[in-house]
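# here is the input, now give the coordinates:
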Amino acid sequence: MSGRIILTAAEMRAAEEAAIAAGTPVGELMERAGKAAAEAVWRYAGPLPTLVLCGPGNNGGDGYVIARELRARGVEVRIAALDEPKSDAARAARASWDGPVETFAEARPAPLLIDALFGTGLARPLDDLVSRRLCELPAEVRVAVDLPSGVATDDGAVLSPVPDFDLTIAFQTLKPAHLLQPAARHMGRIVVADIGIPGESRLHEIGRPALPAPGSDSHKYSRGLVTIVAGEMSGAAALAATAALRAGAGVVRLQARDFVSGVPAAVIQRPGDPLGRLDDSRIGAVLIGPGLVTDDDLLEAVLACGHPLVLDAGALTLLAGRLQRFDDAILTPHEGEFRRLFGERAGSKVERARSAAEQTGAVIVYKGADTVVAAPDGRAAIRACSAWLATAGTGDVLAGIAAAMRAGGLAPFEAACAAVWLHGRAAERAGPRLIADDLVGHL
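Residues are numbered from 1 along each chain as shown. Predicted coordinates for the structure are as follows:
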């Protein structure tokens with residue numbers, strides 16, 4: 001179910017060092033990276049006249065190889081260097097380029113601009129003149145090598161002003177900044193170029209879930225019974241209930257004090273008793289929070305029910321200031337709810353989510369344009385989500401999907417990742433003017 005692995009700067013350095021120790025020279029890795037990047041540029045942009053910006057480190061060395069490979073394909077290529085190469089491998093790559101090298105400050109623009117100034121590991125802002133020049137050079141197509149120059153690898157911070165790129169070529173694996181905001185908004189399309197360095201990580205991109213189709217022996221309860229305890233604003237619970245059904249739950253009970261309109265007839269309603277039948281052993285997941293405002297008694301009863309829980313929206317607000325262990329539960333805070341629950345925590349969004357998961361024993365779905373899912377055991381995953389989801393009710397839909405995934409038999413982390421992927425894919429299908437109700441029809 002997990003997608004492509006994501007390595008931090010330190011993990012990528014360790015993988016490179018292991019490959020070098022095993023007998024692969026640095027220069028060979030640079031050749032592989034440059035050739036793979038040149039192939040990606042060729043496929044994306046074709047034979048556009050090209051300006052390659054080369055920095056003094058190994059990212060710049062990759063740029064010299066890219067330029068050489070593109071010129072071998074008949075592309076008109078020029079290089080502008082920020083400084084002389086500093087490493088042996090980069091100097092060798094520079095020596096393999098027999099064309100002219102312009103100064104960065106005096107470089108003339110070209111239709112295709114390739115940024116090979118600084119890649120993984122940048123820890124400080126670019127010089128103001130360098131940053132300004134990078135942003136001001138006009139181009140029809142912009143390509144970043146590994147990462148756009150000016151972004152921090154591990155937390156997605158923008159250290160210096162960064163232009164928007166059309167294509168970013170990641171070497172071997174994704175890095176956190178490819179998916180974490182605010183850096184991710186500058187990446188454009190991201191492709192991963194395999195350069196033959198194996199790596200392991202507990203951080204992945206959220207990939208398409210492998211969900212089993214119902215079999216000949218399936219029945220409604222084997223597909224999962226979801227109980228949704230509605231709060232005062234019942235429309236939110238109605239969205240969640242409909243989403244749970246459309247996401248594959250076999251039975252959905254919507255339990256509220258009054259009858260809730262606007263839900264499919266297939267949703268079972270129990271008006272008057274929001275806590276009724278919580279002792280049903282067939283329940284696969286209980287969701288509370290959508291539309292919950294002040295009814296703390298409902299929340300306390302659900303927390304004690306003994307079933308797998310999904311806690312969202314109002315439930316998270318009511319829990320602020322009195323955190324406890326929620327072993328095996330799924331919590332779905334957005335940024336504001338996360339800060340109210342867990343306070344101001346240091347580190348990247350991934351680190352903050354992992355810390356919260358370890359503290360609570362729950363799987364944390366830290367929502368946003370860069371949604372992070374973290375488990376108490378240290379596993380984490382990221383999905384870049386569409387900004388189209390920034391509209392009322394979409395979180396209720398996500399909570400309903402998560403409850404359906406959990407009730408259907410997936411473990412909490414896998415259920416949360418599957419829900420995030422389905423939610424994001426439904427948004428992509430629904431389009432930029434979506435409202436929360438539209439998502440349900442695309443599940």
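# alpha carbons only for contacts and neighbour counts from here, please
Will do.
# pLDDT at the closest residue to residue 284 other than its chain neighbours, what is it?
Excluding its sequence neighbours, the residue lying closest to residue 284 (CA to CA, 6 or more residues apart in numbering) is residue 407, at 3.9 Å. Per-residue pLDDT puts residue 407 at 97.
# residues in contact with residue 407?
Counting by CA atoms under 8 Å, 6 or more residues apart in numbering, residue 407 makes contact with 223, 224, 225, 226, 249, 283, 284, 285.
# isn't the second one right up against residue 409?
Yes: between residue 224 and residue 409 there is a contact under CA atoms under 8 Å: 7.4 Å.
# anything in contact with each of those two?
Joint contacts of residue 224 and residue 409 (CA under 8 Å, 6+ apart) are residue 284.
# the more surrounded of those two?
residue 224 (26 against 15; other CA atoms under 10 Å).
# tell me who's in contact with that one.
Neighbouring residues of residue 224 by CA under 8 Å, 6+ apart: 249, 250, 251, 283, 284, 404, 407, 408, 409.
# how near is the nearest residue to residue 292 once chain neighbours are set aside to residue 242?
Distance criterion CA to CA, 6+ apart; nearest residue to residue 292, sequence neighbours excluded, is residue 231 at 3.7 Å. Applying CA to CA, to the nearest Å, the value for residue 231 to residue 242 is 16 Å.
# likewise for residue 327?
Taking CA to CA, one finds residue 327 at 26 Å from residue 242.
# what of residue 117?
From residue 117 to residue 242 the distance is 50 Å (CA to CA).
# these two: who's more crowded?
Neighbour count, other CA under 10 Å: between residue 117 and residue 242, residue 117 has more, with 29 against 26.
# surely that one and residue 53 touch.
Yes: look at residue 117 against residue 53 with CA under 8 Å: they come within range, at 6.0 Å.
# for the two, list the residues in contact with both.
Jointly contacting residue 117 and residue 53 under the rule CA under 8 Å, 6+ apart are 60, 82.
# for residue 199, grab the count of nearby residues.
17.
# typed the wrong thing, it's residue 108
Neighbours of residue 108 using other CA under 10 Å come to 14.
# now do it, the pLDDT please.
At residue 108, the model reports a pLDDT of 94.
# that one belongs to a helix, doesn't it?
No: Residue 108 is assigned coil when assessed by DSSP: H, G, I helix; E, B strand; the rest coil, not a helix.
# what's it in contact with, if anything?
By CA under 8 Å, 6+ apart, the contact set of residue 108 is empty.
# show me the contact partners of the strand or helix carrying residue 11.
According to DSSP states H and E, residue 11 maps onto helix 9-21. Contact with helix 9-21 is made by 26, 120, 121, 153, 154, 175, 197, 198, 199, 201, as judged by CA under 8 Å, 6+ apart.
# what sits closest to the third one if chain neighbours are left out?
Just to be clear, that refers to residue 121. For residue 121, the spatially nearest residue (CA to CA, 6+ apart) is residue 9, at 5.4 Å.
# what does residue 420 give?
In space, and not counting its chain neighbours, residue 420 is closest to residue 398: 7.0 Å by CA to CA, 6+ apart.
# wait, residue 431 touches residue 388, no?
Yes: Residue 431 lies in contact with residue 388 (CA under 8 Å); the separation is 7.4 Å.
# quick one: contacts for the most centrally placed residue in the chain?
Nearest to the mean C-alpha position of the chain, by CA atoms, centre = their mean, lies residue 383 at 2.3 Å. Neighbour list for residue 383: 179, 205, 206, 370, 371, 372, 420, 421 [criterion: CA under 8 Å, 6+ apart].
# return the set of residues that bridge with the second one.
If I follow you right, that is residue 205. Counting by DSSP bridges, residue 205 is bridged to residue 382.
# do the same with residue 158
Counting by DSSP bridges, the residues bridging with residue 158 are residue 151.
# where's it relative to residue 144, distance?
For residue 158, the distance to residue 144 (CA to CA) stands at 15 Å.
# more crowded one of the two?
Each of residue 158 and residue 144 has its neighbours counted (other CA under 10 Å); residue 144 has more, 28 against 21.
# what about that one, which SS state?
Of the three states, residue 144 takes strand according to three-state DSSP.
# my guess is it contacts residue 114, does it?
Yes: the criterion here is CA under 8 Å, and residue 144 meets it with residue 114 at 5.9 Å.
# what helix or strand is the closest residue to residue 350 other than its chain neighbours on?
Closest residue in space to residue 350, ignoring its immediate chain neighbours: residue 372 at 6.3 Å, by CA to CA, 6+ apart. Assigned by DSSP H and E, residue 372 belongs to strand 370-374.
# repeat that for residue 262.
Assessed by DSSP H and E, residue 262 sits outside every helix and strand.
# just the helices in the stretch 251-400 of the chain please.
Using DSSP state H, counting those that start in this stretch, the helices found in the stretch 251-400 of the chain span residues 296-303, 314-319, 335-342, 349-360, 394-407.
# quick one, domains of this protein?
For the chain, automatic domain parsing gives the domain ranges 2-201, 225-441.
# closest to residue 211 out of the ones you listed?
Of all these, domain 225-441 sits nearest to residue 211, with 8.5 Å by CA to CA.
# off-centre distance for that closest one?
In terms of CA atoms, centre = their mean, to the nearest Å, the centre of domain 225-441 is found 18 Å from the chain centre.
# and that domain, end to end?
One end of domain 225-441 sits 20 Å from the other (CA to CA).
# pretty sure residue 239 sits against residue 397.
Yes: Residue 239 lies in contact with residue 397 (CA under 8 Å); the separation is 5.8 Å.
# mind listing the shared neighbours of these two?
Residues touching both residue 239 and residue 397 (CA under 8 Å, 6+ apart): residue 436.
# ok so, going back, residue 431 and residue 388: which is more packed in?
Neighbour count, other CA under 10 Å: between residue 431 and residue 388, residue 388 has more, with 17 against 14.
# which residue ranges form the helices in the stretch 51-200 of the chain?
58-72, 88-95, 128-136, 176-179.
# could the ones you listed go into JSON lines alongside mean neighbour count, distance to residue 439 and mean pLDDT?
Converted to JSON lines, the helices of the stretch 51-200 of the chain look like this (neighbours: other CA atoms under 10 Å; distance: least, CA to CA, whole Å; pLDDT from 0 to 100):
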{"stretch": "helix 58-72", "mean neighbour count": "26", "distance to residue 439": "42", "mean pLDDT": "96"}
{"stretch": "helix 88-95", "mean neighbour count": "20", "distance to residue 439": "49", "mean pLDDT": "95"}
{"stretch": "helix 128-136", "mean neighbour count": "15", "distance to residue 439": "37", "mean pLDDT": "95"}
{"stretch": "helix 176-179", "mean neighbour count": "28", "distance to residue 439": "23", "mean pLDDT": "97"}
